[in-house]
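Engineer: Provided below for reference: sequence and predicted model.
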Amino acid sequence: MNPQGEHVGEAHVFVTGEFVSDDRWEGTGGANFYSPAGDLLRGHEGSRVTARKFGIDK
């Protein structure tokens, strides 16, 4: 939505991966961006994604 409340499109984000240790996740991901009419405007896939857990009580 823009500041006037109009729908300006959508982003579809996707990731896949797995935990490679107790506190680390690795995978790949990307996103496709669509106009309000549903037309694909641009997209990207295959970026490396990593995440780390922190602050978790065991």
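Structural biologist: Noted; the coordinates are in hand. Residues are numbered from 1 along each chain as shown.
Engineer: Have a look at the protein and report its longest strand.
Structural biologist: strand 40-52 (DSSP state E).
Engineer: what is the mean pLDDT for that one?
Structural biologist: For strand 40-52, mean pLDDT is 92.
Engineer: Show residues contacting that strand.
Structural biologist: Contact with strand 40-52 is made by 9, 14-15, 17, 23-35, as judged by Cβ atoms under 8 Å, 6 or more residues apart in numbering. (Glycine included, C-beta is placed from N, CA and C.)
Engineer: mind listing what that strand pairs with, with the direction of each?
Structural biologist: Taking DSSP bridges as the criterion, strand 40-52 forms sheet pairs with strand 24-34 (antiparallel).
Engineer: so who does the most centrally placed residue in the chain touch?
Structural biologist: The geometric centre of the chain, computed from its C-alpha atoms, lies nearest to V13 (Cα atoms, centre = their mean), at 3.6 Å. With contact taken as Cβ under 8 Å, 6+ apart, V13 is in contact with G29, G30, A31.
Engineer: Tell me the bridge partners for H12.
Structural biologist: Note on H12: beta-bridge partners by DSSP bridges are N32.
Engineer: so what's it scoring on pLDDT?
Structural biologist: At H12, the model reports a pLDDT of 96.
Engineer: And it, how far from V20?
Structural biologist: As judged by Cβ to Cβ, to the nearest Å, H12 and V20 stand 26 Å apart.
Engineer: now swap in R52 and tell me
Structural biologist: With Cβ to Cβ as the criterion, R52 and V20 are 11 Å apart.
Engineer: Kindly report the same for H7.
Structural biologist: In terms of Cβ to Cβ, H7 sits 39 Å off from V20.
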